[in-house]
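Participant: no sequence on this one, just coordinates:
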């Protein structure tokens, strides 16, 4: 009986043989003639429809994403413009403050009140010899030229 059992038993198919049998089964199942052309045409039409629908969907999705990005950038731009306007106002306020702090009348008032300074009645000059200046005959280092430097009146000296 072992020989009979071996005869009924089929050997396993290789990948190529299995593929050939499957292809033959598919060919036999395909309709032939006029109906087959309609089926193939409708399948091709359906495939084209799917491709077009996928493209339209992709383009629509990309358009929506770009629109969202544009709107986000507009919102950010408005925020930056508000910040810029606020910084400009601060800058103008600081410039006005600097102008008022640098005014001569304010400086004089602060010198008199806070530093107890007095205004000089007249300006006096202290004469000194400046080293390295040209002399009267043009020779360097003559030492004959004198520089006049302002000297402040200290009040009673």
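Facilitator: Perfect, thanks for sending it. The shown structure was predicted, so the numbers you read here are calculated from the model rather than taken from an experiment.

Participant: which stretches of the chain form helices?
Facilitator: 2-8, 15-29, 34-102, 104-114 (DSSP state H).

Participant: in TSV: the ones you listed, plus distance to residue 128.
Facilitator: Backbone N, C-alpha and C define where each C-beta goes, glycine included. Shown next, in TSV, are the helices of the chain (distance: least, Cβ to Cβ, whole Å):
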stretch	distance to residue 128
helix 2-8	132
helix 15-29	111
helix 34-102	32
helix 104-114	26
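
Participant: got those helices as CSV, with distance to residue 120, mean pLDDT and mean neighbour count columns?
Facilitator: Output for the helices of the chain, formatted as CSV (distance: least, Cβ to Cβ, whole Å; pLDDT from 0 to 100; neighbours: other Cβ atoms under 10 Å):
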stretch, distance to residue 120, mean pLDDT, mean neighbour count
helix 2-8, 134, 55, 7
helix 15-29, 113, 71, 10
helix 34-102, 21, 94, 10
helix 104-114, 12, 88, 10
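
Participant: so how far is residue 104 from residue 114?
Facilitator: Residue 114 sits 16 Å away from residue 104, going by Cβ to Cβ, to the nearest Å.

Participant: ugh, typo on my part, it should be residue 78
Facilitator: On the measure of Cβ to Cβ, residue 78 and residue 104 end up 43 Å apart.
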